[in-house]
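*Asks:* give the three-dimensional model of this entry:
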Amino acid sequence: MMDQMRPYPPPAAHPDALSPAPVYAPLPSPGNAVQFAFTTLEGLVAHFSQWLPPQYVNNLIETEKEIFVVRKECSLQETRLQFLKKCENALQRTLSELQSGQIGADWNLGTQPGR
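*Replies:* From the prediction side, this is the model:
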């Protein structure tokens, strides 16, 4: 009677109970933590201008410049790549929100749509 009241069977009744834990991919190390898809601002703008108006892409980049934090331990090249990655993430987020219908496209304002 008591076994019927238990929400889960005891470990011995489970054949998988003694199997090892699943092996997950290791956490990223500092050397491979971020993959950079773009190495130039022009490449970033050209890529995202396929789906967004170039003026919108440029405005978003200017907005990201204002809030970007430079890390003192990073080189100039690393800082540039980090900034490009930040812009890429913001543009991808915008495309995702447009695609899902979370925001509407209002290109006349020249600012971020729906915000």
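
*Asks:* so where do the helices sit in the chain?
*Replies:* Ranges of helices in the chain, per DSSP state H, are 2-5, 41-48, 54-67, 76-100.

*Asks:* quick one: neighbours of residue 91, just the number.
*Replies:* Neighbour count for residue 91, taken as other CB atoms under 10 Å: 22. (C-beta placed from N, C-alpha, C; glycine too.)

*Asks:* contacting residues for it?
*Replies:* Going by CB atoms under 8 Å, 6 or more residues apart in numbering, residue 91 touches 44, 48, 52, 57, 60.

*Asks:* quick one, which of the helices of the chain is nearest to residue 35?
*Replies:* Of all the helices of the chain, helix 76-100 sits nearest to residue 35, with 8.7 Å by CB to CB.

*Asks:* pull out the buried positions in that closest one.
*Replies:* By neighbour count on 16 or more other CB atoms under 10 Å, the buried set for helix 76-100 is 81-88, 90-91, 94, 97-98.

*Asks:* ok, so of the residues you listed, who is nearest residue 37?
*Replies:* The closest of the buried residues of helix 76-100 to residue 37 turns out to be residue 88 (CB to CB; 6.3 Å).

*Asks:* surely the closest one meets residue 45?
*Replies:* No - taking contacts as CB atoms under 8 Å, residue 88 lies outside contact range of residue 45: 10.8 Å.
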